[in-house]
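> just coords:
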């Protein structure tokens, strides 16, 4: 910023993936993207509720790091993430609190160690009725969604007047894709 005298914008990576999914997929108004980096014990979530990106006070929404110690896991997250069954448990028990809080239509899970999304669904359904389980989508390539989300956020941030022009109250509202 000081060197080039330009505005600098910083955005959360998973929020950018969720923005990209919301904009490009155009299927769900309420969704969660849970990104668990490969071979990692904790990740983060991007949450969109009725077209609003939820960041929360101090941008804490989706910061799973603060949730993990509260979960009743059969072993440490570091051990669970090493096996397929352990990964199912870790993912399911991490997203269940989000499901019962937000009630998303879909959860996109980003993790290349995951082999079968149905294993996560089965684990979730051990705790909540299947009819309450949202669509689960295993997102194997997040890069395009992240880049689109980042691109759109930068455009919207450069000129905040765009939000008023589009009838939006704040930058947490994701404009509808009128170009589909």
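The structure has been received and is ready for your questions. Since the model is a prediction, treat every value here as computed from it, not as a measurement. Residues are numbered from 1 along each chain as shown.

> quick one: low-confidence ranges for this protein?
1, 158-180 (pLDDT under 70).

> which residues in it form strands?
Applying DSSP state E to the chain gives strands spanning 31-35, 44-49, 52-54, 106-110, 135-138.

> any idea which helix is longest in this protein?
Counting by DSSP state H, the longest helix found in the chain is helix 84-102.

> one step back: could you export the strands of the chain as JSON lines, including distance to residue 98 and mean neighbour count?
C-beta: built from backbone N, CA, C; applies to glycine. Converted to JSON lines, the strands of the chain look like this (distance: least, Cβ to Cβ, whole Å; neighbours: other Cβ atoms under 10 Å):
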{"stretch": "strand 31-35", "distance to residue 98": "5", "mean neighbour count": "26"}
{"stretch": "strand 44-49", "distance to residue 98": "6", "mean neighbour count": "24"}
{"stretch": "strand 52-54", "distance to residue 98": "10", "mean neighbour count": "19"}
{"stretch": "strand 106-110", "distance to residue 98": "7", "mean neighbour count": "23"}
{"stretch": "strand 135-138", "distance to residue 98": "12", "mean neighbour count": "16"}
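
> a markdown table for those strands, including distance to residue 79?
A markdown table is the format used below for these (distance: least, Cβ to Cβ, whole Å):
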| stretch | distance to residue 79 |
| --- | --- |
| strand 31-35 | 19 |
| strand 44-49 | 20 |
| strand 52-54 | 31 |
| strand 106-110 | 20 |
| strand 135-138 | 22 |
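
> rewinding a little: mind listing what's buried along the longest helix of the chain?
Burial within helix 84-102, assessed by neighbour count using 16 or more other Cβ atoms under 10 Å, is assigned to 86-96, 98-99, 102.

> Number of residues surrounding the nearest residue to residue 49 once chain neighbours are set aside?
Leaving aside its chain neighbours, residue 49 sits nearest to residue 30 (5.1 Å; criterion: Cβ to Cβ, 6 or more residues apart in numbering). Residues lying near residue 30 (other Cβ atoms under 10 Å) number 18.

> cool, residue 63 as well?
By other Cβ under 10 Å, 16 other residues sit near residue 63.

> so what's it bridging to?
Counting by DSSP bridges, residue 63 forms beta bridges with residue 44.

> Out of the strands of the chain, which is closest to residue 9?
Shortest distance between residue 9 and the strands of the chain, using Cβ to Cβ, is found for strand 52-54: 14.3 Å.

> what packs against the closest one?
For strand 52-54, the elements it packs on are helix 13-25, strand 44-49, judged by 3 or more Cβ pairs under 8 Å, 6 or more residues apart in numbering; DSSP states H and E.
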